Every structure is written in C-alpha cells, then in structure tokens.
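Participant: Show me the folded form of this:
(chains A and B)
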Amino acid sequence: MKAFLMYPDRDFDPEQELPANEQTLTQDLELNTLFEAMARGDEFLAELAKKAVLSSLDDPDTIRYRQEILKDCIKNPAVVREIYRIPIDSIENKREHWLGIFSRYPGGILSSAVEMLAMFVGLLKNLRKIAGEHADGFESEGFTRFFAMIKQELDDAYFVTVEDHLRELKFREGVLLSAGLGQGNEGADYILRKPKEREPHWIKRVFTNNSPACSFTIPPRDNHGASALAALKDQGINLVANALAQSADHINDFLNMLRIELAFYIGSLNLYEQLTQMGEPVSFPLPVVRGERQHSLVGLYDVCLALTMKHKVVGNDVHADDKDLVVITGANQGGKSTFLRSVGLAQLMMQCGMFVPALSFRANVCNGLFTHYKREEDVTMNSGKLDEELSRMSDIVDHIAPDSMVLFNESFAATNEREGSEIARQIVSVLLEKRIKIFFVTHLYKFAHGFYDRKMANAIFLRAERQADGTRTFKIIEGEPLQTSYGEDLYDRIFVA
Amino acid sequence: MTFYSILFNDAENDLTKETPEAPVFFVDLNLDQIIDAITEGKEEYDLKPFYYAALHDANAIKSRQAIMRDLENKTLMASIESFAQKMSITRRYLGLVDKLYYKYHKEGWILEAAALYCDAVSCLATDLFQVDLESGDLLAFREYMTNYASSGAFTTLREETKALKADLSTVKYCVRIKNSTVKVRKYENEADYSAEVERTFEKFKQGAARDYRVHLYESSGMNHVEAQILDCVARLYPNIFSRLDRYCARHASFLDETIAVFDREVQFFVAYLEYIAKFKQAGLQFCYPLISDEDKEIYDLAGFDLALANKLVPEDDPIVCNDFYLRGQERILVITGPNQGGKTTFARTFGQLHYLASLGCPVPGREARLFLYDRLFTHFEKEEDIKNLRGKLEDDLVRIHEILDRATSNSIIIMNEVFSSTTLRDAVFLGKKVMAKTIQLDALCVFVTFVDELASFSEKTVSLVSTVVPENPAVRTFKIVRKPADGLAYATSIAEKHGLTYEQIKERIKT
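Facilitator: Next up, the predicted model:
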C-alpha cells in the first residue's frame, strides 16, 4: 500500500541526497525563512519542507500532479490535517503506552507485536472511516487513487481476518512444528504449522494409528527437560513472532510513509494560510519543459522578505521569454538582490509543485539551480577574496549541466572592474554556449554594457528603478546598463542628509 | 616412488625434521614476529616446528622451491585451499563425535565428516590434473592421490555416504508440544503459519523490515528431549536408520594417514605464500634465491625487512628496499651512519634473507644469490639493559668469544651495535680485535657500528652508510649505500640547516 502523493508512481525518499550546493542555496535565497514558515515550529515539517523544496522536480507533469493535490488540500484543509493526525497519533500512542518491541525472547516479541497491532488496527479503522466520509470532496488524481486504495485494501473482511490472527496467536492448543534432519541428524528448519484440525481429532487419529506416531512426556521434576522443551517451542514461535513483529513494523512504516508524503502539503498549507492572511497573492505557476526558455512573471515578490516584514512587499513584472541571459544593473539599494532572490525562490517553489508568490508565473523548469553571491569580506583571508570567489565558481562548474540556471549576485567584483568584467565575460560567454540560463546582478559596467552592445536576441537588460530625485521604487524595469549605480545618492543620504 | 612427505626428503636426517624450539637468533632478527604472522590462524597445523628447522642441503632446498613455484599457480592454490578447508572441518566433526553421547547424533556427525572427506579427496584428485606440476614431490603425491581415489575402499565409502545422506534429507516430521507432552509423526502438509501471518500484513510493507528473529542458543550437542525426538523419528523411518547403523560400524576410521600428513605439510607452503601475497600486492618483490654452499659472492637486489613490512604495509607506509652484494674477497658488510637510519633493519634483513632461503622459501628481493650457511649467529644489543656497564661489556665479550669459537668459515655472523656501552677508545680497540678474528675466520658477517674506523679495515670489509635527504638531514631515506664511512657528513648537514657551517657563520657575523 502506497500513498503516492508526492509522485504518481513512487515514494518520496526523505533520505535522498540534496544538491551539492544545498547550503549555498539555503543561505543565498534565505530558504530557512521559508522552511520555518512551512514548519510552524514542527521540526519534522521543517526537515521535509527542506527536502521537498531543495530536491526539485524537472518534469512538468509531476509538478502538475503535486499542484492538483495541493489544490485539494487548500480546498479541504481540515480533512487533510485529520489524516495527518493518524501517524502523529500512532507516535503518541506508542510513547504514552510504552509500546514497542524490545524483548529478547520470542514469546515477549510475540506479545508486544500483538499489542502494537491492536493499536494500529484502531488507527487504520479511523483512516478507513475518513476515506468513506470525505473522498467525494477530492478531485486530484493523487487523492482519488489514495482514497480508493484505502477503501479497497482495508475493507471489513480484512479487519476480521486480522483480529482472528491476533486471537489465535495465543496458542491455547499447543505448538505444532515441522522439522527435517540437519547436520548430525540434529533437528533443523523448524517451521510453525497451522494444525489442520482441532486437538481432539488429532489425538483420536494418533491412537487409531492412522498415521504412525510416537509420543513421550517430560517427568514433572525434569527441569532440564522442561527448559529444553521451552527452547524447542521458541524455535517455532521465533518465526511467527518475527513475522508478526515485522508486520507491526510494516504498518508503522506505512504510517510513517503517510506522514512523509503529507508533510510537504501540510507545510504548503501552513505557508498558504500565512500569506493569505497578509493579503499576499499566490498562484499556481505554469511549468514549461526545460528545453524551452520562458520566464514571464507578474507581481512576483520575495516571499521570504514578506514573511520577515510580515506585510505586503513590492512585486515585479518581467517578461523574459526566449532569453538565456538576464542582466540586472542599476541603483544601489534598488531592489536588485530582492528581485534576484524572488526569481530563485519562485523557481524552487514551482519545481517542488507548490504555488508561487506572484499573480502569475510561467517559466521553463531548470535542471539545477545555482547561486553565486558576493560574500562578506573575511578578515582572515582578505588577500584571497577573488581566489575564494573563483573557487566557489569552480565548484559550480563541477556540478552544472545544460539547462541549469545560475543566479549571480555582484560576482567577481573582488578585483578591479576591468579584470572582473573580463572574468565575468568569459564565464558568462561559455555558460551561454552551454545552454545555461543566467540571471546576473552586477555593477560591472564594462561587462554588462559589453553584452548590451552585442544586441543578442537571447539577452535582456533590467535596471532597478530610480526616479529623477533619487527615490527608489524597488521596481525592476527594462533598461540599458548605466555607468553609475548612483552610489552618490547613498553617500548623500548617509553623509549629507 | 612411494610417497611419504613433501617437506623432508631422505637426504635430510631425522634431527632436522621438526624442531620444537625457535633458534636463539629468532628474536634478534624479528623472525619470531614473521613466523608468528605466517602461522597466525593456522594453529591447528602446528607449523612452527617446520619453520624452526633450517635445511642444510642445497637439493632439499631446491625441492621445496619447486613446490613453492608450483603452488604459486593460483588454480592449484585454490584447490589446495578448498581441500584444506574441507579437511579441517572433517577433523572438527570427528573431534565432535568423540564428545557426543546419543547414538544417532554421533552417527549423524560421522556421516557428515565422511561426506566432506570424500568431497575433499575427490576434488583434489581431479584438481591436481588441472595444472602442470614441475615438483617431483607433488608429482609423487598426485600419483598417490590418483591411486587412492580410485581404490575400492574409497569408492565404496563415497557411494554409501552419498546414498545415505540423500535418504536422510527426505525425512520430514512434525512435533506437537502441549504442556509437557511431545508427539512426533510424519509431516502431513500442514500450512506454514508464519507465512500466513506475513501474507495478511504484507500490504503495508514499505521496504525491507528489521529482523526480529532471536538468535536462539543452539548447542552442537543434543539434549535428551531432542534425543528422544530423534529416537521417535528413527522409529518412523526404520529402514534409513538401520542402514546408518551398519554404515558407521563399517567405516568408523576412514581417514587416510598419508593424506592427513600431506594436508598438514602443504600448509607450510600455503601459509608462507599467503603471507607474502599481501606484500606482492603492495608492489614488493620476492624471488627464489640461488643457493650455494661454496660461493660467497652473494647479493640481493631490492630486499627489505619482512617483519617491518608487515607493520608498514597495512598502514600504506612506504617500504624502502636495499641492495647489497659481496665480490671477490669481500666478506664483511660494515654499516655506519645516523641513528634510526635503517642500519639495524638492514642487518636483520640480511639474516632473514639467509634464514628464509634455508627453509626453501622465496625471499624479499628482485634477484638473489645467498649462501648456504652451517650456522647463523647474532649478537644484538639489548635495549634498556639494567645491568651495570662493566657487567654488560663483559657479557658482550663473553658472548662474542663464544660465537667466534663456534663459528666456522661457513657461518654467518650478525653483530649490531656492540661495545656501545663503553668509551669510544675501548670500542675502537675491541672492535678492531673482533674484526680481525672474523676476517681470519673468513665467515660472512654484518657489522653495524658507530666506529667509522672499522668500515675500511681491510679488503674483506665493505663500507655501507645509511643516508639522509641532503636538503633536510632530519629526514632519513632508509637507503643503505656503498660509500666510505664519513661521520662528518651528517653533522655538517645538520649544521647547515641551522646556518652554522663555516661559510654560513662567516657570512652571518658581519664585520
């Protein structure tokens, strides 16, 4: 039984390896703010949010599969949260009643497993009940399949069989084992057997000699004999205890799996509720196959900035379809970094199947998102800053592939403009040839204008808006790279005003 | 040719066959460590007495080298190892039978042992024809094996064992335990209860499950309840068990004496080859030395200390190999140079090479010619000796006197840092005296000393020096090279490192 809520045909693997640049992405895009909002203090949700957001899907169909499920969740939040309660209840029951399989004896394992299974049966009945009552309110392929499976697999007859087993495994009629002869004629391959008939008939058959048999009884004071007999019994019980304990584990794993598959949606619900409360819009993006070049966004805002400020923030409209290179220049403190971050965040949110913080958003999926941000000056290695930057760039080159996307934020500025521009020019040129999509925030005029002069069809140049009086609107507009970034304004504000 | 032994041929007299005690020089040369490592895990064969017995006949050594060469064939080695493993388990089973109490239990293990023995013999008899053998001893053994494996006694044993095992494997019975009563009858296709439980819950399975099977205590013995059950089973299957009774009465002692001897002796070769395999894998070389009891022009190229390599190889530390040779009148290698530079290691290597060669083993090195000595003497300074100076020097002299008394011109003498516990003047004096006696003896000798004067004593001595990296004298190369002893070289380079040479001081002190 599989939930298949994250993929139409497989489990979500919470142990899967995250991209090598996971930490860099988290730092550069302020992802922890996003994860915290999704988790609302729940560590498990935070962990799963991180896994889901960072392990991007690159197939638009699966993205849409999750989008549909998430839409169902937004429509039925109470039911989804009730299903999510079931695995949580299991964890709490186990803790409260000290349930677990810790014994080192087959008999102990058997009885612990019986207790655990009895508890699970209660939870499974509840799951069955929810499926019966609410399935009709769900439309997505994922949930439709999920509820159908629950109804089919956990029908009344099934619960009867399970409860029969739990009763019979107390062995009131003794234990029947089969065996063969192993090495040295020692009994081997003990298997616990289910008697064909009840005891009285069997005894009768023994004595009517239909099937030859031989029997003996351990004398009451023969303690060695009694423990030898108990050991033999354990041989048989060992296997059924193992089977039953593994069954308990299977149900436990099933519930865990359910928790894992739902966690992303619960996290998304949490985020959705916070954003709508602030009045921030969200929409389900249109993912396009990775070979195409589309990036069309209306009202895209930085979700992490909104979550931090706890109010609405400025959104941007950009139409960069058929572009491989987006160069952003312009005023200091003009919203360039925020815009760049919102691009990265929206990409990750789209590619994990979530809604995006925008009025509308359409983009091609990428096969790996990379960020290369200017780092704070490190006092211990002040001479090696460019060296450090280039080493991070080299790491990116180690992992990057065609149809990836790179966000550069003021990279290669650790040297003079001429050299920095030349480095940037060479790197960007080769990345473009490799069909890699680039967003580049820069003050390197020579670099930015150099590309502007080439009049490439697949490049677009954006500028952080500055009104004539020096006021920033934090809007990003299309425009030619300028030779000044209006640092003077900033100087004036701090020194003159 | 009747086969007898692959380790000792008729030319060797009985005294040299197995020696219970290690030779006295074992500890000095770290041969004890080497032999411990070689025989580790093979205690059941009691191989050390073989390694304690050096051969003194060049032909006997050549015979063993031939066996070693044959066994370097991986196919043959694999066959021998498989044979040995089966024989070892056979012996363990037979040992078990003696300790067991219940009849059918004993008989069961005799059958197991015999089955394994038959398999071991049949396989080896076939396998020995899969390879080209050069060694006369192995060819003789092969002939013996072929005859034995096709003998009537053996083929009867093999066929009866096989039939009986097949029949016993058809036995399947049921035991019902209720309270203290046990009933036994034949199995009647009752369903597997565990499987049924598994099927019921299988739908929840997400991945591999933890194994909850308790590792139940299983003694290889049999308790009286199990024995009673087995008796019941025997009554349910009377034909099979009466045949088992008759079989055991007929084949109580099936193990062939000669095969048992081969099984033990061949481990002498197997153990050594297994031991050196890991060094070969690390890129070190071994060779079969030419052995002569007359020619003292010996050499070894790229030799190394096998005991030290055993420590360094597992840690991936580099092993330094050294060459040496003696030509014409040269008899004595005098080694000087910095401490911790590999002098003692070189001396040990020299001794190990000769000893291992006298066992018929391949030795460390790319190519070697070694001397077939009559006796090997070592005198190593003991570390942390608590005796007073006079006592120690006196002991040294007494021991050396003894050695020189007993040594012949065919002996090998290895002296390491003797006379270090006296004044330099004394050491020079005593060293020269001892050196003169050794030269007179014409024995092969390695002399590790800090007394440079001994290095160029006569045309019979060869001066070897342990070397350092010229740019950084603190780093030893562990290379021992032929060159005149020059105690100053080392001191000079250390001075240079600290800027204290004549030239440097002249430069540094500005006027």
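Participant: secondary structure class for A:R193?
Facilitator: Three-state assignment for A:R193 (DSSP: H, G, I helix; E, B strand; the rest coil): strand.
Participant: what's the pLDDT at it?
Facilitator: You'll see A:R193 listed with a pLDDT of 90.
Participant: Give me the neighbour count for it.
Facilitator: 22 (other CB atoms under 10 Å in any protein chain shown). The C-beta positions use only the backbone N, C-alpha and C, and glycine is treated the same way.
Participant: Go ahead and measure how far stretch A:55-66 is from the middle of the chain.
Facilitator: Between the centre of stretch A:55-66 and the centre of its chain there are 12 Å (CA atoms, centre = their mean, to the nearest Å).
Participant: and that stretch, how far apart are its ends?
Facilitator: End-to-end distance for stretch A:55-66, by CA to CA, to the nearest Å: 14 Å.
Participant: contacts for that stretch?
Facilitator: A:6-8, A:16, A:18-19, A:140-142, A:264, A:287-290, A:348, A:350-354, A:365-369 (CB atoms under 8 Å, 6 or more residues apart in numbering or on different chains).
Participant: how about it: buried residues?
Facilitator: Neighbour-count burial for stretch A:55-66, with 16 or more other CB atoms under 10 Å in any protein chain shown as criterion, is recorded at A:S55, A:S56, A:L57, A:D58, A:P60, A:T62, A:I63, A:R64, A:Y65, A:R66.
Participant: List the residues that contact A:K94.
Facilitator: Applying CB under 8 Å, 6+ apart, the residues near A:K94 are A:G100, A:M116, A:M119.
Participant: Can I get the buried residues of stretch A:55-66 in a markdown table including pLDDT?
Facilitator: A markdown table is the format used below for those (pLDDT from 0 to 100):
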| residue | pLDDT |
| --- | --- |
| A:S55 | 93 |
| A:S56 | 93 |
| A:L57 | 94 |
| A:D58 | 90 |
| A:P60 | 96 |
| A:T62 | 96 |
| A:I63 | 97 |
| A:R64 | 97 |
| A:Y65 | 97 |
| A:R66 | 97 |
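Participant: And those, which is closest to chain B?
Facilitator: A:S55 (18.7 Å; CB to the nearest CB).
Participant: any idea how far that closest one lies from A:Y452?
Facilitator: Noted for A:S55: a distance of 37 Å to A:Y452, by CB to CB, to the nearest Å.
Participant: Repeat that for B:L290.
Facilitator: Distance, B:L290 to A:Y452, using CB to CB: 82 Å.
Participant: Same check on B:P23?
Facilitator: Counting by CB to CB, the separation of B:P23 from A:Y452 is 89 Å.
Participant: Which ones among the buried residues of stretch A:55-66 lie within helices?
Facilitator: Mapping these onto helices (DSSP state H) picks out A:P60, A:T62, A:I63, A:R64, A:Y65, A:R66.
Participant: and which of these is nearest B:P314?
Facilitator: A:T62 (49.6 Å; CB to CB).
Participant: ok, and the most crowded of the contacts of A:K94?
Facilitator: Most surrounded of the contacts of A:K94: other CB under 10 Å gives A:M116, at 24 neighbours.
Participant: surely that one meets A:A248?
Facilitator: Yes. Here A:M116 lies in contact with A:A248, judged by CB atoms under 8 Å, at a distance of 4.2 Å.
Participant: Now do the shared contacts for those two.
Facilitator: Listed contacts common to A:M116 and A:A248 are A:I101; contacts here mean CB under 8 Å, 6+ apart.
Participant: Reformat the contacts of A:K94 as JSON lines; add distance to chain B and pLDDT.
Facilitator: Below are these laid out as JSON lines (distance: CB to the nearest CB, whole Å; pLDDT from 0 to 100):
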{"residue": "A:G100", "distance to chain B": "12", "pLDDT": "72"}
{"residue": "A:M116", "distance to chain B": "11", "pLDDT": "90"}
{"residue": "A:M119", "distance to chain B": "14", "pLDDT": "92"}
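Participant: Strands - which of the residues you listed land there?
Facilitator: Applying DSSP state E to these, no entry is found in strands.
Participant: Name the residues of the helix or strand containing A:V160 that are buried.
Facilitator: Here A:V160, judged by DSSP states H and E, is contained in helix A:156-168. Residues of helix A:156-168 classed as buried by neighbour count (16+ other CB under 10 Å): A:Y158, A:V162, A:H165, A:L166.
Participant: Any buried residues in stretch A:165-178, and which?
Facilitator: Within stretch A:165-178, the residues that qualify as buried are A:H165, A:L166, A:L169, A:F171, A:G174, A:V175, A:L176, A:L177, A:S178, counting by 16+ other CB under 10 Å.
Participant: quick one: it to chain centroid distance?
Facilitator: With CA atoms, centre = their mean, you get 44 Å for stretch A:165-178.
Participant: one step back: which of the contacts of stretch A:55-66 are close to chain B?
Facilitator: The subset of these within reach of chain B, by CB under 8 Å from any CB of the partner chain, is empty.
Participant: Show only the entries of the residues you listed found in strands.
Facilitator: Secondary structure assignment by DSSP E places A:P287, A:V288, A:L369 of the contacts of stretch A:55-66 in strands.
Participant: need the contact list for the closest residue to the last one other than its chain neighbours.
Facilitator: Meaning A:L369. Leaving aside its sequence neighbours, A:L369 sits nearest to A:M405 (CB to CB, 6 or more residues apart in numbering or on different chains; 5.2 Å). A:M405 makes contacts with A:Q347, A:C366, A:G368, A:L369, A:F370, A:I436, A:K437, A:I438, A:F439, as judged by CB under 8 Å, 6+ apart.
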